[in-house]
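Q: structure for the following, please:
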Amino acid sequence: MAESKAITLPLTDEVIDDLRIGNHVEFSGVIHAARDAAHKRIVAMADAGEELPLDLRGQVIYYVGPTPARPGQVVGAAGPTTAMRLDLYTPRMLELGVKAMIGKGGRGQVVREAIQASHAVYCIAVGGTGALLNRHITSAEVVAFEDLGTEAIRRLEVDRFPAIVANDAFGGDLLEAGRRQYRTSSRPVPIEGGGA
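A: Purely as a prediction, here's the structure:
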């Protein structure tokens, strides 16, 4: 297994300079949970010239809407949302200063270009592991848009939150690199069931 890079937040350009696709990272510090409804509202506020509820410069946004916490938990399951659902808002969020995003799945071409132009990164967390990822969240509080319920913006303190760099600040795309490698591989791919 690849060695993880320990990253203490907030994220700086110097740290981003050192990140490449495929790097395993572990974030410690503050990240913010926000999904579709919160992104839509932030972008509308910014476009209207309104003051935002938080300073997005240097922030890491985790695409998650945690389930309610059970007794003794900080949050419930906290697995990543499909990132492409946020593609409509991502270029503007990057303009507002966001430096990293965590989700699952790939990003569209416009977002990949915006990530590079903004010198940011997109990381993937493993989907279906929400009950495990919540162990890395040590505190959670709603900081904006409480009326959105699970989609409210939450300030999460995390300890060694694991992710993998999927899009780096230099145009690298881990998922596209994987597709290219698959297409050019000379090894036969086994077919389940075997028969014709």
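Q: put the alpha carbons of the longest strand seen in the chain into PDB.
A: Counting by DSSP state E, the longest strand found in the chain is strand 153-167. Once non-C-alpha atoms are left out, strand 153-167 reads as follows in PDB (Å, rounded to 0.1, in the frame of the first residue of the first chain):
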ATOM      1  CA  ILE A 153     -22.600  23.500   5.800                       C
ATOM      2  CA  ARG A 154     -20.800  21.800   8.600                       C
ATOM      3  CA  ARG A 155     -17.400  22.600  10.100                       C
ATOM      4  CA  LEU A 156     -15.700  19.200  10.600                       C
ATOM      5  CA  GLU A 157     -12.500  18.700  12.500                       C
ATOM      6  CA  VAL A 158     -10.800  15.700  11.100                       C
ATOM      7  CA  ASP A 159      -7.900  13.500  12.200                       C
ATOM      8  CA  ARG A 160      -6.000  11.700   9.400                       C
ATOM      9  CA  PHE A 161      -9.000  11.700   7.100                       C
ATOM     10  CA  PRO A 162      -7.900   9.400   4.100                       C
ATOM     11  CA  ALA A 163      -8.300  10.300   0.500                       C
ATOM     12  CA  ILE A 164      -6.500   9.900  -2.900                       C
ATOM     13  CA  VAL A 165      -5.500  12.700  -5.200                       C
ATOM     14  CA  ALA A 166      -7.600  12.200  -8.400                       C
ATOM     15  CA  ASN A 167      -6.900  15.600 -10.100                       C
END
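Q: need the next SSE after the least confident helix or strand in the chain by mean pLDDT, C-terminal direction.
A: Ranking every helix and strand in the chain by mean pLDDT, DSSP states H and E puts helix 130-133 at the bottom, with a mean of 72. Proceeding N to C from helix 130-133, the next assigned helix or strand is strand 137-144, under DSSP states H and E.
Q: so which bits of that following strand are buried?
A: By 16 or more other CB atoms under 10 Å, the buried positions in strand 137-144 come out as 137, 140, 143-144. Every residue, glycine included, has its C-beta placed from N, CA and C.
Q: what segments of the chain are strands?
A: 4-8, 24-33, 60-62, 100-103, 121-124, 137-144, 153-167.
Q: how about CSV for those, with mean pLDDT and distance to residue 70 added?
A: Output for the strands of the chain, formatted as CSV (pLDDT from 0 to 100; distance: least, CB to CB, whole Å):
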stretch, mean pLDDT, distance to residue 70
strand 4-8, 94, 28
strand 24-33, 97, 18
strand 60-62, 98, 20
strand 100-103, 97, 23
strand 121-124, 98, 26
strand 137-144, 95, 13
strand 153-167, 96, 17
